[in-house]
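In: No sequence on hand, only this structure:
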């Protein structure tokens, strides 16, 4: 609950920052008629809008588990990721439409100094939000919030790209303005591709190889653990849920096996800060391991603090 509260706080702050930046740019777009700045402004509004579904997801995750949702509401964060991808793609479509319309029906760009100021402010605003989101995302273990921060960072560089359009108009090559708008559209589509890969990987229970390696190797440093097999892990919201089998001395009592499970959980929680829960299956060592597992397996589920 604490991590979800911190995530909501980060989204509130970044939403205000991006909203103020985009509103300032709207005024400059109305005065100047710059298509590249309009494309960037649309993108910034889209970036601000992505905070809303993530905010809802974090709010749902504060709810306690129920008889119906026995694993909690962690998947809400993945669903929010799908909505975010859709919003980013929609912003790309709008930016492309405006840029093509400007190519077919050219209109003059004025107030170049104001457009320049808006582009620089767009970069500063996005970079500040990017640093903030990524930092909080790393602290609470939210891959969605980190990805949203990286998205803001790319947005900052697309704001700087608007300066190319301004330079073109100043040099008597106004076609550069809508062309930069199209380039920004392409940049947004690359973001859509990367975000979609990350989101759908999570929805299909994809996990980073490094995290799985930690799940497999960390228990080997716990006294009493002879081996690890059938290790699995997946993200549920911004928490990692692991499932693994450890091999121990078959002469151990249930109480001793339970103590080993607790030490394994503590080691995993220390190595994997985003650990939410680990299910540890205790299997007896020996040639009859498979039979012994059916008859004597001790299963303990432990939850990280």
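Out: The structure has been received and is ready for your questions. None of the values given here were measured: they were computed from a predicted structure.
In: what stretches of the stretch 1-150 of the chain score poorly on pLDDT?
Out: Residue ranges of the stretch 1-150 of the chain with pLDDT under 70: 1-7, 31, 33-37, 39-40, 43, 46-47, 106-111, 141, 143-144.
In: Show me the helices in it, by range?
Out: Applying DSSP state H, counting those that start in this stretch to the stretch 1-150 of the chain gives helices spanning 2-32, 35-49, 51-61, 75-104, 112-140, 143-170.
In: quick one: residue 181 from residue 32, how far?
Out: 13 Å (Cβ to Cβ, to the nearest Å). Just so you know, the C-beta spots here come from the backbone N, C-alpha and C atoms, and that holds for glycine as well.
In: who's more crowded, the two?
Out: residue 181 (29 against 23; other Cβ atoms under 10 Å).
In: Please look at the more buried one and residue 99 and confirm they touch.
Out: Yes. Shown here, residue 181 and residue 99 form a contact pair, counting by Cβ atoms under 8 Å, at 3.4 Å.
In: ok, back up a step: nearest to residue 236 among the helices of the stretch 1-150 of the chain would be which one?
Out: Closest to residue 236 of the helices of the stretch 1-150 of the chain, according to Cβ to Cβ: helix 75-104, at 6.7 Å.
In: Report the angle between that closest one and helix 51-61.
Out: Angle of helix 75-104 versus helix 51-61, following axes from the mean of the first three to the mean of the last three Cα atoms, to 10 degrees, is 180 degrees.
In: Check which residues of helix 75-104 are buried.
Out: 75-85, 87-89, 91-92, 94-96, 98-99, 102 (16 or more other Cβ atoms under 10 Å).
In: now do stretch 186-200
Out: Result for stretch 186-200 [16+ other Cβ under 10 Å]: buried residues 187-189, 191-192, 195-196, 198-199.
In: So which of those sit within helices?
Out: Cross-referencing these against helices under DSSP state H gives 187-189, 191-192, 195-196, 198-199.
In: Find the pair from the residues you listed with maximum spatial separation.
Out: Across those, the longest distance by Cβ to Cβ is 18.6 Å; it joins 187 and 199.
In: Secondary structure element for residue 261, which one?
Out: helix 254-271 (DSSP states H and E).
In: same for that helix, what does it pack against?
Out: On a contact count with 3 or more Cβ pairs under 8 Å, 6 or more residues apart in numbering; DSSP states H and E, helix 254-271 meets helix 209-217, strand 239-248, strand 275-284, strand 298-303.
In: Please identify the pairing partners of the third one and their relative orientation?
Out: Here strand 275-284 has these sheet partners by DSSP bridges: strand 239-248 (parallel), strand 298-303 (antiparallel).
In: Can I get the buried residues of stretch 186-200 in JSON lines including pLDDT?
Out: Below are the buried residues of stretch 186-200 laid out as JSON lines (pLDDT from 0 to 100):
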{"residue": "187", "pLDDT": "78"}
{"residue": "188", "pLDDT": "77"}
{"residue": "189", "pLDDT": "84"}
{"residue": "191", "pLDDT": "78"}
{"residue": "192", "pLDDT": "81"}
{"residue": "195", "pLDDT": "78"}
{"residue": "196", "pLDDT": "84"}
{"residue": "198", "pLDDT": "81"}
{"residue": "199", "pLDDT": "81"}
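In: Considering those residues, which is situated nearest to residue 211?
Out: Among the buried residues of stretch 186-200, and counting by Cβ to Cβ, the member closest to residue 211 is residue 198, at 14.3 Å.
In: The closest one against residue 78, yeah?
Out: No. Using Cβ under 8 Å, residue 198 is not in contact with residue 78; the gap is 10.2 Å.
In: Out of the helices of the stretch 1-150 of the chain, the one nearest residue 258 is which?
Out: Closest of those to residue 258 is helix 2-32, at 27.8 Å (criterion: Cβ to Cβ).
In: what angle sits between that closest one and strand 239-248?
Out: Using the same axes, to 10 degrees: helix 2-32 against strand 239-248 is 150 degrees.
In: For helix 2-32, which residues meet the burial criterion?
Out: For helix 2-32, a neighbour-count test (16+ other Cβ under 10 Å) marks 3-4, 6-8, 10-11, 13-15, 17-19, 21-22, 24-26, 28-29, 32 as buried.
In: again, but for stretch 219-234
Out: Buried positions in stretch 219-234, judged by neighbour count with 16+ other Cβ under 10 Å: 219, 222, 224-225, 228, 231, 233-234.
In: show me the contacts for residue 19.
Out: Listed by Cβ atoms under 8 Å, 6 or more residues apart in numbering, the contact partners of residue 19 are residue 48.
In: Could you tell me how many residues sit around the closest residue to residue 239 other than its chain neighbours?
Out: Take residue 239 and drop its neighbours on the chain: the residue closest to it by Cβ to Cβ, 6 or more residues apart in numbering is residue 276, 2.9 Å away. When counting by other Cβ under 10 Å, one arrives at 21 neighbours for residue 276.
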